[in-house]
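A.B. asks: sequence and predicted structure are below.
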Amino acid sequence: MFRLQRYFTITSLIAFILIAFLLGYFFRILAFADLIAASESKNVVLTQTFSNFLWPEFASFVSEAGALETDELQNHPRTQELYDYIQAQLNGLSVVKVKVYDLNGLTVFSTEIRQIGENKLDNAGYLSARSGVVASELTFRDTFSAFEQTIEDRNVFSSYVPIYGPGGEIEGVFEVYDDVTPLVKRLEQTQRNIIIGVVVILTVLYFFLFLIVRRADGIIRQQYHDLQESAAALRQARDEAMTASQFKTRLLANVSHDMRTPLNAIMGYTEMMAEGVYGDITPRQRKATTEILRSIGVLIEFISNLLGRAQLESGKVKLELKPLSPREFVEEIQPQVEVLAVAKGLSFHCEVAGDVPDKILGDRYWLRQIALNLMGNAVKFTEEGSVQLLVFREEDQWGFRVKDTGSGIPAEDQERIFDAFEQAGNGHVGSASGIGLGLSIVKELTTLMNGRVTIESVVGQGSTFTVTLPLHVPEAEMV
Ligand code: ADP
């Protein structure tokens, strides 16, 4: 069974952790991008301010500094002036270091005096600024030498910014180091707050979803449980139905067997009576015996169809294919139908086509059931004219065709009459002559034999039922 609650707990936990992490991560990326942009423009403004004030006065010192030795430069009175000036300007600002480079990469000035004289010509940031593009970098420093003191654990934002002369051309490069530790701290605090906020919101959400899921899980479990129970109940009902059906089949088999024996006796004695074995009989008595014989015929048909139906339904019908002579088969069933046809004044004719093999493989008992049903119906639903039986062969098939000149079957009923207990609307509905089982048995038996039954019928002119079956010839016959 699907464990919704457990599945929900695991997946939502993973999803929530992922959401909190991603939110924090994206905030950090965006916030730091903002911080860099803001700090950079601040450094650019600062540089602009410096150059506005300092450059007119110090430009010539910077451009000539290349000619001086490092210690001359470090101890130059202008260097001290510049230092004092910058220190005064930066008072109260977060700038922790300033450097000035000439166009050859020489560090002409640094607030960290010992760096004066270093060359930066191989520095990418310096080169970028010299070509006119500001270059910045945010770094974390364990220790950093700021004005007159060393500071520790700082986030330092440094920018190389070009210095433009009055003519608009680049005359030097400024490097400004800004201590952005408080800003970074604030961002990190905000990031922490966002993550905590998201976690709180998701926890509340999780709690509500958990309640919903727990309820859904309960319902699913209950339904599963109910389903299991009804499937138990169903199995029991099926077993009971099977037992009942087996009982029905057994009962029908016994009843029909036990009824057939006395019915055959009644039939035999009545036939003998009709033939005058027990003395002459009057025309009225003959009429009565004919009626008795017809009724017994109906009863026998009724009983064998009931038995056939029960056997088909219980799946007990097993075909036994044995060599069988179609001609003998016809000779055997012919008298049973002929007697009924003649009694109704119908002409009756049976024929086996010349190309039908002498022996075929078939189940005699069930073939008889099929033929008798079709011929019995033909006689039953024909008031005048004829009933014919033709056994035919068509290539690797054989079968029989029962043709009558009876009432015919309306087109709309021609499919339905093959269902059990269905009768056509051709005036015989509810008549005592049948219960609508015969054709359903014919159809199922022909299907079981891998064959088919078809019908052609015109109301008022008659019907033709054709049963077509695969032709199997016993091996001995084939030689
Ligand atoms: P039953 O004959 O017991 O009614 P069947 O299943 O044999 O049951 O036939 C179903 C119905 O099909 C019959 O009731 C009848 O309406 C119609 N039917 C079958 N055969 C013929 C036929 N040869 N001529 C006319 N109607 C027929």
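C.D. replies: Done, it's in. Numbering: from 1, shown residues only.

A.B. asks: okay, and for the stretch 301-450 of the chain, where does confidence drop off?
C.D. replies: Low-confidence regions of the stretch 301-450 of the chain, defined here as pLDDT under 70, cover residues 425-434.

A.B. asks: where does the stretch 151-300 of the chain get nearest to the ligand, which residue?
C.D. replies: Of the stretch 151-300 of the chain, the residue with the smallest distance to the ligand, taken as CB to the nearest ligand atom, is Val298 at 9.4 Å. C-betas here are computed from N, CA, C, even on glycine.

A.B. asks: could you say which helix or strand holds that residue?
C.D. replies: With elements delineated by DSSP states H and E, Val298 resides in helix 283-313, which encompasses its position.

A.B. asks: tell me the SS of His472?
C.D. replies: Three-state call for His472 (DSSP: H, G, I helix; E, B strand; the rest coil): coil.

A.B. asks: quick one: it and Leu321 touch, right?
C.D. replies: Yes - assessed by CB atoms under 8 Å, His472 is found in contact with Leu321 at 6.6 Å.

A.B. asks: more neighbours, these two?
C.D. replies: Each of His472 and Leu321 had its neighbours counted (other CB atoms under 10 Å), and the higher figure belongs to His472 (16 against 13).

A.B. asks: how much space separates that one from Ile370?
C.D. replies: As judged by CB to CB, to the nearest Å, His472 and Ile370 stand 16 Å apart.

A.B. asks: let me see the ranges of the helices in the stretch 251-400 of the chain.
C.D. replies: Under the criterion DSSP state H, counting those that start in this stretch, helices of the stretch 251-400 of the chain are mapped to 283-313, 326-343, 364-380.

A.B. asks: now the angle from the shortest one to helix 326-343?
C.D. replies: Between the axis of helix 364-380 and that of helix 326-343 there is an angle of 30 degrees, by axes from the mean of the first three to the mean of the last three CA atoms, to 10 degrees.

A.B. asks: any bit of helix 364-380 sitting next to the ligand?
C.D. replies: Yes - figure legend: helix 364-380 in contact with the ligand (CB under 6 Å from any ligand atom); contacting residues Asn373, Asn377, Ala378.

A.B. asks: compare the residues you listed and tell me which is most surrounded.
C.D. replies: Counting neighbours by other CB under 10 Å, Ala378 comes out on top of the residues of helix 364-380 next to the ligand with 27 neighbours.

A.B. asks: let me see the contact set for the closest residue to that residue other than its chain neighbours.
C.D. replies: Once flanking residues are discounted, Ala378 sits nearest to Asp404: 3.8 Å by CB to CB, 6 or more residues apart in numbering. By CB atoms under 8 Å, 6 or more residues apart in numbering, Asp404 lies in contact with Ala378, Val379, Phe381, Thr382, Gly385, Ser386, Val387, Gln388, Gly462, Ser463, Thr464.

A.B. asks: let's see that with 10 Å instead.
C.D. replies: Applying CB atoms under 10 Å, 6 or more residues apart in numbering, one finds that Asp404 lies in contact with 341, 346, 374-375, 377-382, 385-388, 457, 461-465.

A.B. asks: please tell me how far the closest residue to Met273 other than its chain neighbours sits from Val391.
C.D. replies: Taking CB to CB, 6+ apart as the measure, Met273 lies nearest to Thr289, with 5.5 Å between them; neighbours along the chain are not counted. With distances defined as CB to CB, the gap from Thr289 to Val391 amounts to 32 Å.

A.B. asks: neighbour-wise, which of the two wins?
C.D. replies: Just comparing Thr289 and Val391: by other CB under 10 Å the higher neighbour count belongs to Val391, 20 against 17.

A.B. asks: that one and Leu372, how far apart?
C.D. replies: In this structure, Val391 and Leu372 are 14 Å apart, going by CB to CB.

A.B. asks: and for Thr261?
C.D. replies: Applying CB to CB, the value for Thr261 to Leu372 is 19 Å.

A.B. asks: identify the residues contacting the residue of the stretch 201-350 of the chain found nearest the ligand.
C.D. replies: Closest approach between the stretch 201-350 of the chain and the ligand, counting by CB to the nearest ligand atom: Asn305, at 7.0 Å. Asn305 makes contact with 256, 369, 372-373, 376, 420, 434-442, according to CB under 10 Å, 6+ apart.

A.B. asks: can you give me the strands in the protein?
C.D. replies: Using DSSP state E, the strands assigned to the chain run over residues 95-101, 107-110, 135-146, 149-164, 170-179, 322-324, 347-352, 360-362, 386-394, 397-404, 452-458, 462-470.

A.B. asks: how about the residues of this protein by the ligand?
C.D. replies: Remark: the part of the chain in contact with the ligand comprises 373, 377-378, 381, 404, 406-407, 409, 417, 423-424, 426, 428, 434-440, 463, using CB under 6 Å from any ligand atom.

A.B. asks: quick one: His257 and Leu306 touch, right?
C.D. replies: No - between His257 and Leu306 no contact is recorded; they are 11.6 Å apart, counting by CB atoms under 10 Å.

A.B. asks: which of the two has more residues huddled nearby?
C.D. replies: Leu306 (18 against 11).

A.B. asks: which residues touch the spatially closest residue to the more buried one that is not a sequence neighbour?
C.D. replies: The spatial neighbour of Leu306 that comes closest, neighbours along the chain excluded (CB to CB, 6+ apart), is Leu252 at 5.6 Å. Taking CB under 10 Å, 6+ apart as the definition of contact, the neighbours of Leu252 are Ile303, Leu306, Leu307, Gly308, Arg309, Ala310, Gln311, Glu313, Ser314.

A.B. asks: now Phe465
C.D. replies: 370, 373-375, 377-378, 400-404, 409, 439, 442, 453-457.

A.B. asks: list buried residues within the residues you listed.
C.D. replies: Applying 16 or more other CB atoms under 10 Å to these, the neighbour count classes 370, 373-375, 377-378, 400-404, 409, 439, 442, 453, 455, 457 as buried.

A.B. asks: list residues touching both of His472 and Leu321?
C.D. replies: Residues within reach of His472 and of Leu321 at once, by CB under 10 Å, 6+ apart, are Ile360, Leu361, Gly362, Met449.

A.B. asks: quick one: which of those is nearest to Val200?
C.D. replies: Distances from Val200 to those, taken as CB to CB, are shortest for Met449 (77.2 Å).

A.B. asks: wait, that closest one touches Val467, no?
C.D. replies: Yes - at 8.9 Å, Met449 counts as touching Val467 under the criterion of CB under 10 Å.

A.B. asks: no further queries at this time; thank you.
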